[in-house]
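>>> here's a sequence, model it:
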Amino acid sequence: MKLLRKLDELGPELQGGAVSIGNFDGVHKGHARIVDALRSRAVDVGGPSVVFTFDPHPVRLLRPDKAPPPLTWTDRKAELLEELGVEVLVVYPTDERLLALTPGQFFQEIVAEQLGALAMVEGPNFFFGKERAGNIDVLRKLCDRGGVQLEVVQPVRVGGDYVSSSRIRDLIRAGDVAQANELLTCPYRLRGMVTHGAASGAQLGFPTANIDAIDTILPREGVYAGRAFADSKSWAAAINIGPNPTFGEQALKVEAHLIGFRGSLYGEPLEVDFLARVRDTREFASADELKCQLQRDLKVVSSLVVNH
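Residues are numbered from 1 along each chain as shown. Have a look, this model is predicted:
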(Lines give C-alpha, C1' and ligand atoms only; values in the text may rest on other atoms or scores of the structure.)
Protein backbone atom coordinates (compact mmCIF):
# COMPACT_ATOMS: atom_id res chain seq x y z
CA MET A 1 0.00 0.00 0.00
CA LYS A 2 1.14 3.54 -0.72
CA LEU A 3 0.92 5.95 2.23
CA LEU A 4 0.83 9.59 1.11
CA ARG A 5 0.72 12.72 3.26
CA LYS A 6 0.41 15.25 0.43
CA LEU A 7 -2.00 15.26 -2.45
CA ASP A 8 0.69 16.49 -4.82
CA GLU A 9 2.34 13.08 -4.30
CA LEU A 10 -0.71 11.49 -5.93
CA GLY A 11 0.48 10.85 -9.48
CA PRO A 12 -1.83 10.07 -12.43
CA GLU A 13 -1.41 6.32 -11.88
CA LEU A 14 -3.05 6.68 -8.45
CA GLN A 15 -5.99 8.75 -9.68
CA GLY A 16 -9.15 7.61 -11.42
CA GLY A 17 -10.09 5.07 -8.79
CA ALA A 18 -12.63 4.49 -6.04
CA VAL A 19 -12.39 6.72 -2.96
CA SER A 20 -13.71 6.53 0.59
CA ILE A 21 -13.32 9.54 2.89
CA GLY A 22 -13.43 9.29 6.66
CA ASN A 23 -11.49 8.99 9.89
CA PHE A 24 -11.45 5.17 9.97
CA ASP A 25 -10.44 5.34 13.64
CA GLY A 26 -9.86 1.86 14.99
CA VAL A 27 -10.51 0.22 11.59
CA HIS A 28 -13.52 -1.77 12.79
CA LYS A 29 -15.88 -4.20 11.07
CA GLY A 30 -18.01 -1.37 9.71
CA HIS A 31 -14.91 0.03 8.03
CA ALA A 32 -14.11 -3.44 6.69
CA ARG A 33 -17.50 -3.55 4.95
CA ILE A 34 -16.80 -0.16 3.38
CA VAL A 35 -13.39 -1.35 2.18
CA ASP A 36 -14.91 -4.48 0.64
CA ALA A 37 -17.28 -2.30 -1.40
CA LEU A 38 -14.43 0.12 -2.18
CA ARG A 39 -12.29 -2.64 -3.66
CA SER A 40 -15.16 -3.86 -5.82
CA ARG A 41 -15.83 -0.36 -7.12
CA ALA A 42 -12.13 0.13 -7.83
CA VAL A 43 -12.19 -2.98 -10.02
CA ASP A 44 -15.31 -1.70 -11.78
CA VAL A 45 -13.70 1.63 -12.73
CA GLY A 46 -10.25 0.17 -13.39
CA GLY A 47 -8.39 2.25 -10.80
CA PRO A 48 -6.94 2.01 -7.29
CA SER A 49 -8.84 1.74 -4.02
CA VAL A 50 -8.12 4.94 -2.09
CA VAL A 51 -8.89 5.88 1.50
CA PHE A 52 -8.66 9.58 2.31
CA THR A 53 -8.34 10.35 6.01
CA PHE A 54 -7.24 13.21 8.24
CA ASP A 55 -4.44 13.94 10.68
CA PRO A 56 -5.28 15.41 13.07
CA HIS A 57 -8.97 14.61 13.43
CA PRO A 58 -10.87 17.77 12.35
CA VAL A 59 -12.54 17.98 15.77
CA ARG A 60 -9.11 18.59 17.34
CA LEU A 61 -8.98 21.91 15.49
CA LEU A 62 -12.66 22.85 15.63
CA ARG A 63 -13.56 21.75 19.18
CA PRO A 64 -10.41 20.49 20.91
CA ASP A 65 -12.25 20.02 24.21
CA LYS A 66 -14.65 17.63 22.46
CA ALA A 67 -12.03 15.63 20.54
CA PRO A 68 -12.29 11.91 21.33
CA PRO A 69 -9.10 10.04 22.25
CA PRO A 70 -7.95 8.06 19.20
CA LEU A 71 -8.11 4.30 18.90
CA THR A 72 -5.25 4.09 16.41
CA TRP A 73 -2.23 6.09 15.35
CA THR A 74 -1.61 6.76 11.65
CA ASP A 75 0.92 4.02 10.93
CA ARG A 76 -1.23 1.43 12.70
CA LYS A 77 -4.27 2.60 10.75
CA ALA A 78 -2.24 2.15 7.57
CA GLU A 79 -1.27 -1.42 8.57
CA LEU A 80 -4.86 -2.38 9.28
CA LEU A 81 -6.21 -0.86 6.07
CA GLU A 82 -3.49 -2.54 4.06
CA GLU A 83 -4.51 -5.90 5.55
CA LEU A 84 -8.03 -5.21 4.28
CA GLY A 85 -6.68 -4.61 0.77
CA VAL A 86 -6.60 -0.80 0.46
CA GLU A 87 -4.07 0.24 -2.18
CA VAL A 88 -3.60 3.94 -1.35
CA LEU A 89 -3.98 5.79 1.94
CA VAL A 90 -3.91 9.58 1.83
CA VAL A 91 -3.41 11.09 5.30
CA TYR A 92 -4.32 14.72 4.76
CA PRO A 93 -2.81 17.29 7.17
CA THR A 94 -5.95 18.98 8.47
CA ASP A 95 -5.73 22.77 8.36
CA GLU A 96 -8.00 25.81 8.53
CA ARG A 97 -8.24 26.07 4.75
CA LEU A 98 -9.53 22.51 4.42
CA LEU A 99 -12.09 23.08 7.16
CA ALA A 100 -13.32 26.26 5.44
CA LEU A 101 -14.22 24.50 2.17
CA THR A 102 -17.93 24.25 1.46
CA PRO A 103 -19.22 20.80 0.48
CA GLY A 104 -19.19 21.82 -3.18
CA GLN A 105 -15.65 23.19 -2.97
CA PHE A 106 -14.44 20.12 -1.11
CA PHE A 107 -15.94 17.81 -3.71
CA GLN A 108 -14.55 19.77 -6.65
CA GLU A 109 -11.04 20.37 -5.29
CA ILE A 110 -10.37 17.18 -3.36
CA VAL A 111 -12.58 14.50 -4.87
CA ALA A 112 -12.83 15.54 -8.52
CA GLU A 113 -9.58 17.37 -9.25
CA GLN A 114 -6.93 16.02 -6.89
CA LEU A 115 -8.17 12.47 -6.34
CA GLY A 116 -9.77 12.20 -9.77
CA ALA A 117 -12.35 9.82 -8.29
CA LEU A 118 -14.57 7.81 -10.61
CA ALA A 119 -16.41 6.17 -7.71
CA MET A 120 -17.04 6.85 -4.03
CA VAL A 121 -18.07 4.59 -1.16
CA GLU A 122 -19.42 5.99 2.11
CA GLY A 123 -21.68 5.15 5.03
CA PRO A 124 -25.12 6.77 5.41
CA ASN A 125 -23.91 9.07 8.20
CA PHE A 126 -21.16 10.68 6.13
CA PHE A 127 -20.69 14.45 6.61
CA PHE A 128 -18.22 16.74 4.89
CA GLY A 129 -17.42 20.37 4.17
CA LYS A 130 -17.54 23.47 6.35
CA GLU A 131 -19.53 22.93 9.55
CA ARG A 132 -20.37 19.41 8.27
CA ALA A 133 -22.94 20.99 5.96
CA GLY A 134 -22.64 18.20 3.40
CA ASN A 135 -24.45 14.91 4.06
CA ILE A 136 -24.95 11.78 1.99
CA ASP A 137 -27.79 13.40 0.00
CA VAL A 138 -25.59 16.38 -0.89
CA LEU A 139 -22.80 13.99 -1.87
CA ARG A 140 -25.17 12.00 -4.09
CA LYS A 141 -26.16 15.14 -5.99
CA LEU A 142 -22.53 16.19 -6.41
CA CYS A 143 -21.56 12.71 -7.62
CA ASP A 144 -24.45 12.61 -10.10
CA ARG A 145 -23.46 16.02 -11.43
CA GLY A 146 -19.79 15.02 -11.68
CA GLY A 147 -20.33 11.60 -13.20
CA VAL A 148 -18.99 9.80 -10.13
CA GLN A 149 -20.50 6.49 -9.01
CA LEU A 150 -21.65 6.47 -5.40
CA GLU A 151 -22.29 3.43 -3.24
CA VAL A 152 -23.75 3.89 0.25
CA VAL A 153 -22.81 1.02 2.55
CA GLN A 154 -25.09 0.22 5.47
CA PRO A 155 -23.59 -0.02 8.97
CA VAL A 156 -22.68 -3.35 10.54
CA ARG A 157 -24.56 -4.62 13.58
CA VAL A 158 -22.90 -6.79 16.23
CA GLY A 159 -24.84 -7.83 19.32
CA GLY A 160 -27.88 -5.87 18.19
CA ASP A 161 -26.14 -2.48 18.01
CA TYR A 162 -24.26 -0.68 15.28
CA VAL A 163 -20.48 -0.92 15.21
CA SER A 164 -18.89 2.50 15.68
CA SER A 165 -15.66 3.98 16.96
CA SER A 166 -17.54 5.66 19.83
CA ARG A 167 -19.07 2.35 20.92
CA ILE A 168 -15.61 0.76 20.90
CA ARG A 169 -14.18 3.62 22.98
CA ASP A 170 -16.92 3.10 25.57
CA LEU A 171 -16.14 -0.61 25.80
CA ILE A 172 -12.41 0.03 26.20
CA ARG A 173 -13.01 2.67 28.87
CA ALA A 174 -15.11 0.08 30.71
CA GLY A 175 -12.30 -2.49 30.43
CA ASP A 176 -14.32 -4.81 28.18
CA VAL A 177 -11.53 -5.29 25.67
CA ALA A 178 -12.80 -8.71 24.61
CA GLN A 179 -16.12 -7.21 23.47
CA ALA A 180 -14.31 -4.28 21.82
CA ASN A 181 -12.23 -6.79 19.87
CA GLU A 182 -15.45 -8.38 18.56
CA LEU A 183 -16.13 -5.07 16.80
CA LEU A 184 -12.57 -4.44 15.57
CA THR A 185 -10.77 -6.16 12.72
CA CYS A 186 -7.76 -6.84 15.00
CA PRO A 187 -7.29 -6.79 18.80
CA TYR A 188 -7.08 -3.37 20.42
CA ARG A 189 -3.46 -2.19 20.48
CA LEU A 190 -1.61 0.65 22.14
CA ARG A 191 2.01 1.75 21.85
CA GLY A 192 4.51 3.67 23.92
CA MET A 193 8.13 3.94 24.95
CA VAL A 194 9.63 1.78 27.70
CA THR A 195 10.89 3.94 30.54
CA HIS A 196 12.34 3.28 33.99
CA GLY A 197 9.76 2.59 36.68
CA ALA A 198 9.90 1.79 40.38
CA ALA A 199 11.14 -1.78 39.68
CA SER A 200 8.61 -3.19 42.15
CA GLY A 201 7.83 -6.09 39.83
CA ALA A 202 11.48 -7.00 39.48
CA GLN A 203 11.78 -7.17 43.27
CA LEU A 204 9.11 -9.89 43.21
CA GLY A 205 10.66 -11.75 40.31
CA PHE A 206 8.20 -10.37 37.75
CA PRO A 207 10.03 -7.60 35.88
CA THR A 208 7.78 -5.28 33.89
CA ALA A 209 8.20 -2.85 31.03
CA ASN A 210 6.89 0.56 32.11
CA ILE A 211 5.13 2.01 29.04
CA ASP A 212 5.00 5.79 28.70
CA ALA A 213 4.04 8.35 26.02
CA ILE A 214 0.88 6.45 25.05
CA ASP A 215 -1.20 8.36 22.49
CA THR A 216 -4.39 6.29 22.32
CA ILE A 217 -7.23 5.57 24.72
CA LEU A 218 -6.42 3.54 27.86
CA PRO A 219 -8.57 0.66 29.08
CA ARG A 220 -10.00 0.87 32.57
CA GLU A 221 -7.64 0.12 35.46
CA GLY A 222 -7.04 -3.58 35.89
CA VAL A 223 -4.95 -6.59 34.88
CA TYR A 224 -5.23 -7.83 31.31
CA ALA A 225 -4.04 -10.70 29.15
CA GLY A 226 -2.37 -9.59 25.97
CA ARG A 227 0.50 -9.85 23.59
CA ALA A 228 3.52 -7.53 23.43
CA PHE A 229 5.47 -6.71 20.28
CA ALA A 230 9.05 -5.44 20.12
CA ASP A 231 11.87 -5.84 17.61
CA SER A 232 9.71 -7.95 15.26
CA LYS A 233 9.02 -10.50 18.00
CA SER A 234 6.06 -11.13 20.28
CA TRP A 235 5.42 -12.49 23.75
CA ALA A 236 2.36 -13.32 25.82
CA ALA A 237 2.02 -10.49 28.33
CA ALA A 238 0.30 -9.68 31.61
CA ILE A 239 -0.56 -5.98 31.48
CA ASN A 240 -1.37 -3.88 34.52
CA ILE A 241 -3.04 -0.48 34.28
CA GLY A 242 -3.28 1.51 37.48
CA PRO A 243 -1.34 2.25 40.67
CA ASN A 244 0.55 -0.27 42.83
CA PRO A 245 -0.95 0.39 46.27
CA THR A 246 0.80 -2.60 47.85
CA PHE A 247 4.08 -0.69 47.46
CA GLY A 248 2.53 2.69 48.23
CA GLU A 249 2.61 3.79 44.58
CA GLN A 250 -0.50 5.82 43.69
CA ALA A 251 0.39 7.08 40.21
CA LEU A 252 -1.40 5.42 37.31
CA LYS A 253 1.02 3.33 35.26
CA VAL A 254 0.89 0.96 32.33
CA GLU A 255 3.19 -2.01 32.85
CA ALA A 256 3.64 -5.23 30.91
CA HIS A 257 5.33 -8.42 32.03
CA LEU A 258 6.48 -10.26 28.91
CA ILE A 259 6.31 -13.96 29.68
CA GLY A 260 9.57 -15.65 28.81
CA PHE A 261 11.38 -12.46 27.84
CA ARG A 262 14.98 -11.97 28.93
CA GLY A 263 16.79 -8.71 28.39
CA SER A 264 16.18 -4.98 28.52
CA LEU A 265 13.67 -2.87 26.60
CA TYR A 266 14.51 0.51 28.15
CA GLY A 267 14.29 3.28 25.60
CA GLU A 268 12.63 1.01 23.03
CA PRO A 269 9.14 1.27 21.53
CA LEU A 270 6.66 -1.38 22.64
CA GLU A 271 3.24 -2.25 21.27
CA VAL A 272 0.68 -4.23 23.26
CA ASP A 273 -2.52 -6.00 22.20
CA PHE A 274 -5.29 -6.36 24.78
CA LEU A 275 -7.11 -9.69 24.57
CA ALA A 276 -9.08 -10.08 27.81
CA ARG A 277 -9.56 -8.56 31.25
CA VAL A 278 -8.27 -10.78 34.07
CA ARG A 279 -9.14 -8.90 37.28
CA ASP A 280 -9.33 -5.57 39.07
CA THR A 281 -6.28 -4.00 40.66
CA ARG A 282 -6.29 -4.01 44.45
CA GLU A 283 -4.03 -3.63 47.45
CA PHE A 284 -2.54 -6.79 48.97
CA ALA A 285 -1.65 -7.31 52.62
CA SER A 286 1.96 -8.17 51.83
CA ALA A 287 4.47 -8.53 49.01
CA ASP A 288 4.25 -12.33 49.36
CA GLU A 289 0.48 -12.25 48.89
CA LEU A 290 0.92 -10.09 45.78
CA LYS A 291 3.57 -12.49 44.46
CA CYS A 292 1.19 -15.44 44.80
CA GLN A 293 -1.51 -13.51 42.95
CA LEU A 294 0.91 -12.64 40.15
CA GLN A 295 1.77 -16.31 39.74
CA ARG A 296 -1.93 -17.09 39.38
CA ASP A 297 -2.33 -14.20 36.94
CA LEU A 298 0.41 -15.52 34.68
CA LYS A 299 -1.25 -18.94 34.46
CA VAL A 300 -4.52 -17.30 33.46
CA VAL A 301 -2.80 -15.01 30.97
CA SER A 302 -0.84 -17.84 29.36
CA SER A 303 -4.01 -19.88 28.93
CA LEU A 304 -5.97 -16.97 27.46
CA VAL A 305 -3.25 -16.00 24.99
CA VAL A 306 -2.66 -19.59 23.84
CA ASN A 307 -6.39 -20.09 23.24
CA HIS A 308 -6.93 -16.76 21.50
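>>> what's near enough to touch the residue lying closest to F107 once chain neighbours are set aside?
Of all residues not flanking F107 in the chain, L142 sits nearest, at 4.4 Å (Cβ to Cβ, 6 or more residues apart in numbering). Every residue, glycine included, has its C-beta placed from N, CA and C. Remark: with contacts taken as Cβ atoms under 8 Å, 6 or more residues apart in numbering, L142 is in contact with P103, G104, F107, V111, G134, V148.
>>> who wins on neighbours among the residues you listed?
F107 (26 neighbours; other Cβ atoms under 10 Å).
>>> please look at it and L150 and confirm they touch.
No. With contact defined as Cβ atoms under 8 Å, F107 does not reach L150; the gap is 11.1 Å.
>>> between these two, what contacts are shared?
Common contacts of F107 and L150 (Cβ under 8 Å, 6+ apart): L139.
>>> hmm, back to that, pLDDT at the residue nearest to F107, what is it?
We note a pLDDT of 98 for L142 in this prediction.
>>> double-check that it belongs to a helix.
Yes. The assignment for L142 is a helix, going by DSSP: H, G, I helix; E, B strand; the rest coil.
>>> next one: it relative to Q108, how far apart?
Going from L142 to Q108 by Cβ to Cβ, to the nearest Å gives 8 Å.
>>> packing partners of the helix or strand encompassing E182?
E182 is part of helix 177-183, with elements assigned from DSSP states H and E. In this structure, helix 177-183 makes packing contacts with helix 165-173, strand 188-195, strand 269-279, judged by 3 or more Cβ pairs under 8 Å, 6 or more residues apart in numbering; DSSP states H and E.
>>> need the ones you listed in TSV with mean pLDDT, can you?
TSV is the format used below for those (pLDDT from 0 to 100):
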stretch	mean pLDDT
helix 165-173	97
strand 188-195	97
strand 269-279	97
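>>> look up how far T53 lies from the spatially most central residue of the chain.
Centroid check for the chain by Cα atoms, centre = their mean gives T72 as the closest residue, at 2.5 Å. Per Cβ to Cβ, T72 is found 10 Å from T53.
>>> over to R76?
Plainly put, R76 is 12 Å away from T53 if you go by Cβ to Cβ.
>>> check what pLDDT the residue lying closest to W235 once chain neighbours are set aside gets.
Excluding its sequence neighbours, the residue lying closest to W235 (Cβ to Cβ, 6+ apart) is L258, at 4.0 Å. Predicted confidence (pLDDT) at L258: the value is 95.
>>> and what of G205?
For G205, the model assigns a pLDDT of 66.
>>> lowest-confidence helix or strand of this protein?
helix 200-203 (a mean of 59; mean pLDDT, DSSP states H and E).
>>> and the closest residue in space to L190 that isn't next to it in sequence, what does it touch?
By the measure of Cβ to Cβ, 6+ apart, the closest residue to L190 outside its immediate chain neighbours is T216, 5.0 Å from it. Residues counted as contacts of T216 (Cβ under 8 Å, 6+ apart) are P69, P70, L71, T72, W73, L190, R191.
>>> so which strand or helix has V254?
Element membership for V254, per DSSP H and E: strand 249-258.
>>> that strand pairs with which strands?
Paired strands of strand 249-258, with direction, are strand 209-212 (antiparallel), strand 233-244 (antiparallel) (DSSP bridges).
>>> let's have the ones you listed in CSV, adding mean pLDDT, distance to G197 and mean neighbour count.
Shown next, in CSV, are those (pLDDT from 0 to 100; distance: least, Cβ to Cβ, whole Å; neighbours: other Cβ atoms under 10 Å):
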stretch, mean pLDDT, distance to G197, mean neighbour count
strand 209-212, 95, 3, 21
strand 233-244, 93, 9, 20
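>>> so which of the ones you listed is nearest D44?
Closest to D44 of these is strand 233-244 (Cβ to Cβ; 38.6 Å).
>>> what's in contact with that closest one?
198, 200, 208, 218-228, 249-261, 272, 274, 278, 281, 294, 297-298, 301-302, 305-306.
>>> out of those residues, which are buried?
When the contacts of strand 233-244 are checked for burial by 16 or more other Cβ atoms under 10 Å, the buried set is 198, 200, 208, 218-220, 222-228, 253-259, 261, 272, 274, 278, 281, 294, 297-298, 301, 305.
>>> packing partners of the helix or strand encompassing F54?
Using DSSP H and E, F54 maps to strand 49-55. When contacts are defined as 3+ Cβ pairs under 8 Å, 6+ apart, strand 49-55 sits against strand 18-21, helix 29-45, helix 74-84, strand 88-93.
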